[in-house]
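Enquirer: Predicted coordinates and the sequence they were generated for:
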Amino acid sequence: VKQGELDSGELIAVKMLHPLQGLDEDLFKNEVCNNLLKVDHPNVIGLLGYCDELHSEFVEHKGDNIAAKHVYRGLCFEYFPNGSLHKHLSEQSLSANWSTRYSIIKGICEGLNFLHGCKPRIFHLDLKPANILLDNSMVPKLADFGLSRLFAESHSHVTERMIGTDKYMPPEYRTDSTISSLYDVFSFGVVMMDIMEGYSLYQEIDDPTQFKEEVLAKCSSMIEPTSKNRREKLIHQVWTCINTAVHCMDSKKNRPTIARILDILNDTETGIPNAQV
């Protein structure tokens, strides 16, 4: 991703796309850009436009130099100087306040729920902290749609080449390259664990109960001083987030939909104690 500037002086982020075989100019504009240009949600980075250039180049083919045409394409997005969630996590500059971290989790969930509800549906397929930008108010924005795919209403598809990032990639994709909305759900579970600083514990501790209790202790220490009643509700919210993240990383058949996860998170905010995945 490169930084650019419009004639107006507004800074933008430009995502250069890798060549897409079989994607001609009309398909690129009509099915990719026009659909993405319609995406409008507070937790999804805004696509401002696109650009492309056709270059003629000489390339070697079977010992001969031949003329070839190469299309360079880029997507122009809003620019957020506050950087990515990955930056704040790696630099340990993310607020150690549970309410801030929960708001980021909730915002990511709302952004994904919006994308999965689009027609045609949009799967991100590379959700990770590096692809989640934060504005000056720490509102998360899902970014980097260079790997996103727009799908019709069928439930799953098979890709011919690997996409995504290993840590955030669900096991069913590793085995048979099948993707669905539950691909993003798995990634979201790992991102939740990153935000709760529990992913390393998830890998190290075999006992599920011990793992959850240690993450609970870590996140409970992030809860700001408050009344006993409110603290109990926030601890319940932390516990729900831990259990939800674990379910997201479960086998495909046991994962909740992103819409169900959003309902669960909403329940924790209204103090309902029996939210279940």
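Expert: Arrived safely.
Enquirer: Show me the shaky parts of the protein.
Expert: Within the chain, the stretches falling below the threshold (pLDDT under 70) are 18-25, 27, 30-33, 145-164, 271-277.
Enquirer: how about the helices in it?
Expert: For the chain, the helices defined by DSSP state H cover 25-27, 34-37, 85-90, 98-117, 171-176, 181-195, 199-204, 208-220, 228-248, 258-269.
Enquirer: Which stretch among those is buried most, on average?
Expert: Across the helices of the chain, the average number of neighbours (mean count of other CB atoms under 10 Å) peaks for helix 181-195, which reaches a mean of 25. No exception for glycine: its C-beta is placed from N, CA and C like everyone else's.
Enquirer: how close does Asn229 sit to Leu127?
Expert: 35 Å (CB to CB, to the nearest Å).
Enquirer: Nearest to Ser8, out of the helices of the chain?
Expert: helix 34-37 (18.4 Å; CB to CB).
Enquirer: can you list the domain ranges for the protein.
Expert: Annotated domains of the chain cover 2-78, 85-269 [automatic domain parsing].
Enquirer: Next, Ser227: phi, psi?
Expert: phi -70, psi 160 (degrees, to the nearest 10).
Enquirer: Can you name the residues bridging to Ala68?
Expert: Per DSSP bridges, the residues bridged to Ala68 are Glu57.
Enquirer: show me what contacts it?
Expert: 56-59 (CB atoms under 8 Å, 6 or more residues apart in numbering).
Enquirer: and of these, the nearest to Tyr79?
Expert: Glu57 (30.2 Å).
Enquirer: Look at that closest one and say how many residues are nearby.
Expert: Glu57 has 9 neighbours, counted by other CB atoms under 10 Å.
Enquirer: Please apply the same query to Pro42.
Expert: Neighbours of Pro42 using other CB under 10 Å come to 13.
Enquirer: Need the nearest residue in space to it, chain neighbours excluded.
Expert: Distances taken as CB to CB, 6 or more residues apart in numbering place Val139 nearest to Pro42, at 6.7 Å, with adjacent residues excluded.
Enquirer: Quick check: that neighbour vs Phe186, distance?
Expert: Counting by CB to CB, the separation of Val139 from Phe186 is 24 Å.
Enquirer: before we move on, what about Lys69?
Expert: For Lys69 relative to Phe186 (CB to CB), the value is 39 Å.
Enquirer: Equivalent analysis for Asp250, please.
Expert: 9 Å.
Enquirer: Next up, the contacts around Tyr50.
Expert: Applying CB under 8 Å, 6+ apart, the residues near Tyr50 are 29, 33, 73-76.
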